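Trainee: Following is a predicted model, sequence given first.
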Amino acid sequence: MADNKQIISPIPGVFYRRPSPEEEIYINEGQKVQTEDVVGLIEVMKNFTEIVSGEEGVVKKFLVEDEEVVEAGQVIAEIE
């Protein structure tokens, strides 16, 4: 019985799952992550902030799409 944990956006902006359009996404659903693994970026006025998992586990589901606008405190993904 696993506890579900959440990856939460610390700031509002546009969420990106990859470092650039030509590159692979950082993390796939079902993939194991460590505490410091980057799962995406938030862009605000051309400044990019890395979003790290903050937890160890398996990414269960992303709750926002690539290039979707997110709010501060919004859940980006779930980890179990």
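Mentor: In hand now; what should we look at?
Trainee: So, low pLDDT: which residues of the protein?
Mentor: Judged by pLDDT under 70, the chain has its weakly predicted residues at 1-2.
Trainee: Let me see the ranges of the helices in it.
Mentor: Taking DSSP state H as the test, none of the chain falls into helices.
Trainee: just the strands in it please.
Mentor: 5-8, 13-16, 32-33, 38-44, 47-52, 57-62, 68-70, 75-79 (DSSP state E).
Trainee: TSV for the ones you listed, including distance to Glu22 and mean neighbour count?
Mentor: C-beta coordinates here come from the backbone N, C-alpha and C atoms, glycine included. Listed next are the strands of the chain as TSV, based on distance: least, Cβ to Cβ, whole Å; neighbours: other Cβ atoms under 10 Å:
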stretch	distance to Glu22	mean neighbour count
strand 5-8	24	16
strand 13-16	13	19
strand 32-33	23	16
strand 38-44	14	18
strand 47-52	16	15
strand 57-62	20	17
strand 68-70	20	15
strand 75-79	22	19
